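1. Quick one: sequence plus predicted model below, questions after.
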Amino acid sequence: MKYIAILLTTLLLSLNATAAIKLDNRQARNMDDVRSLGVIYINHNFASEQEADQALNAATDAQNATYFHPILTHEPGSNGALHASADIYH
């Protein structure tokens, strides 16, 4: 009985641990076999690309998308602040 409880707990945690997959430019160009869900925008200035990627990944998961291709834009004259958006796919 204890073994079954541990197995079920492990399965439930692994189901919730799936995260969207980040695509690079080459991979995004070859996404012919998936359906585009559109573009997401995050209205926040990010200090680093890693911070922006984490936010985009969370937003992609909230949209139930499987893949995202980040589009990061540096704001002119802002000491490198980033704006983040992403194409998302299912």
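-> On my side now, so go ahead. Bear in mind that the values here come from a model prediction, so they are computed numbers and not experimental data. Numbers count the residues shown, from 1 in each chain.

2. Show which residues not belonging to the helix or strand T73 falls within make contact with it.
-> Using DSSP states H and E, T73 sits within strand 67-74. Outside strand 67-74, the residues that touch it by C-beta atoms under 8 Å, 6 or more residues apart in numbering are 20-25, 27-28, 31, 34, 39-40, 46, 49, 52-53, 56-57, 60, 80-90. All C-beta atoms are positioned from the backbone trio N, CA, C, and that covers glycine.

3. Can you name the next helix or strand after whichever strand in the chain runs longest?
-> Assignment by DSSP state E gives strand 36-46 as the longest strand of the chain. As assigned by DSSP H and E, the chain's next helix or strand after strand 36-46 is helix 49-62.

4. Convert that next one to CSV, retaining C-alpha atoms only.
-> Provided in CSV are the C-alpha atoms of helix 49-62 (Å, rounded to 0.1, in the frame of the first residue of the first chain):
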residue,chain,number,x,y,z
GLU,A,49,17.4,37.4,-20.8
GLN,A,50,17.2,34.5,-18.3
GLU,A,51,14.6,36.5,-16.2
ALA,A,52,12.6,37.2,-19.4
ASP,A,53,12.8,33.5,-20.5
GLN,A,54,11.4,32.4,-17.1
ALA,A,55,8.5,34.8,-17.3
LEU,A,56,7.8,33.7,-20.9
ASN,A,57,7.9,30.1,-19.9
ALA,A,58,5.4,30.6,-17.1
ALA,A,59,3.1,32.6,-19.5
THR,A,60,3.4,29.9,-22.1
ASP,A,61,2.4,27.2,-19.6
ALA,A,62,-0.6,29.3,-18.6
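
5. What residues of it count as buried?
-> Neighbour-count burial for helix 49-62 flags 52-53, 55-57, 59-60 (criterion: 16 or more other C-beta atoms under 10 Å).

6. Against which helices or strands is it packed?
-> Using 3 or more C-beta pairs under 8 Å, 6 or more residues apart in numbering; DSSP states H and E, the elements in contact with helix 49-62 are strand 21-22, strand 36-46, strand 67-74, strand 82-89.

7. and the closest residue to A19 other than its chain neighbours, what does it touch?
-> For A19, ignoring the flanking residues on the chain, the nearest one in space by C-beta to C-beta, 6 or more residues apart in numbering is N57 at 5.8 Å. Applying C-beta under 8 Å, 6+ apart to N57 gives the contacts 19-20, 22, 68.
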